[in-house]
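Peer 1: Predicted model follows, preceded by the sequence.
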Amino acid sequence: MASHDSRIGRLPGLFTSPDTSSFSEFLGAYSPGLLPGSRSLPAGARAGEDLPHATTIVTVTYPGGVVMAGDRRATAGNVIAQRDIEKVFRADEFSAIAMAGTAGIGMELVRLFQVELEHYEKREGRTLSVEGKANRLATLVRGNLGMAMQGLAVVPLFAAYDEERDAGRIFSYDPAGGRYEEREFHSIGSGSVFARGALKKLWRGDLSAQDAALVCVQALYDAADDDSATGGPDLSRGIFPVVAT
């Protein structure tokens, strides 16, 4: 026990008496260089060029829930960088997050958001409200504004089940951290225009969870048919969209 106490004594004060329930604020105070938005491009680098980009994400509400789905293709210019990338992730027990834009920064943003929610729950003994989660994500996106201005933008899509309303909710964002609540369905990424056209025709208010997932997959299929950066189902390789409910 004595040696354990001595180890605690050598920790920086931020670790033993944190004054915030936000992990990103704690990290920013202790080591700001680890935040995704604190990176800088090497001299002479061409911002955003030849870096893998994640593309199309769709999400659909149904009575008592929400479904989110993403294709699996990442592109770098006119080249397919990866055929089986995952863009849809579980944020916590009642929410999912997906991203479009610069893939590497997007992955870091997703992981930071996952830790942000877990850190808050451990510190406060309760989960954030859906509004609170959406606002925290907006703050993280805003922190990446400097990179976005250099061409390395990341735009997330957040979907959650609201226990108080017994309903699914959808939040979209712009690169500056603007947060917008969407109704019924939404899509982001290079194929979003084509996907949204399919969603308009296929969505209805009485969808089941299975039907909502099917609507998402059909919308991605339509997007892949017209957008070269969106990957459709690949039967020969066994690559299919990732769906979260």
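Peer 2: Now that the structure is in, tell me what you want to look at.
Peer 1: I'd like the mean pLDDT over the helix or strand harbouring Lys133, please.
Peer 2: According to DSSP states H and E, Lys133 maps onto helix 130-143. For helix 130-143, the mean per-residue pLDDT is 93.
Peer 1: elements contacting that helix?
Peer 2: The contact analysis (3 or more CB pairs under 8 Å, 6 or more residues apart in numbering; DSSP states H and E) places helix 130-143 against helix 23-30, strand 95-102, helix 103-124, strand 154-162, strand 167-173, strand 179-182. To be clear about C-beta, it is placed using only N, CA and C from the backbone, and glycine gets the same treatment.
Peer 1: Run the chain-centre distance for it.
Peer 2: When distances are taken as CA atoms, centre = their mean, to the nearest Å, helix 130-143 is centred 11 Å away from the chain's centroid.
Peer 1: ok so, going back, which one, of the helices and strands packed on helix 130-143, ends up nearest to Arg237?
Peer 2: helix 103-124 (19.2 Å; CB to CB).
Peer 1: With only the CA atoms kept, save the closest one in CSV.
Peer 2: What follows is helix 103-124, C-alpha atoms only, in CSV (Å, rounded to 0.1, in the frame of the first residue of the first chain):
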residue,chain,number,x,y,z
ALA,A,103,-10.6,8.8,-42.4
GLY,A,104,-7.6,9.0,-40.0
ILE,A,105,-8.8,12.0,-38.1
GLY,A,106,-12.4,10.7,-38.2
MET,A,107,-11.3,7.5,-36.4
GLU,A,108,-9.5,9.5,-33.7
LEU,A,109,-12.6,11.7,-33.3
VAL,A,110,-14.8,8.7,-32.9
ARG,A,111,-12.5,7.1,-30.3
LEU,A,112,-12.3,10.4,-28.4
PHE,A,113,-16.0,10.7,-28.3
GLN,A,114,-16.4,7.1,-27.0
VAL,A,115,-14.0,7.8,-24.2
GLU,A,116,-15.7,11.2,-23.5
LEU,A,117,-19.0,9.5,-22.8
GLU,A,118,-17.5,6.7,-20.7
HIS,A,119,-15.4,9.2,-18.7
TYR,A,120,-18.5,11.3,-18.0
GLU,A,121,-20.5,8.2,-16.8
LYS,A,122,-17.7,7.1,-14.5
ARG,A,123,-17.2,10.5,-13.0
GLU,A,124,-20.8,11.5,-12.6
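Peer 1: mind listing what's buried in that helix?
Peer 2: Within helix 103-124, the residues scored as buried using 16 or more other CB atoms under 10 Å are 103-110, 112-114, 116-117, 119-120.
Peer 1: Got the phi and psi for the nearest residue to Ile97 once chain neighbours are set aside?
Peer 2: Distances taken as CB to CB, 6 or more residues apart in numbering place Ala91 nearest to Ile97, at 4.6 Å, with adjacent residues excluded. Backbone geometry at Ala91, expressed as degrees, to the nearest 10, gives phi -90, psi -50.
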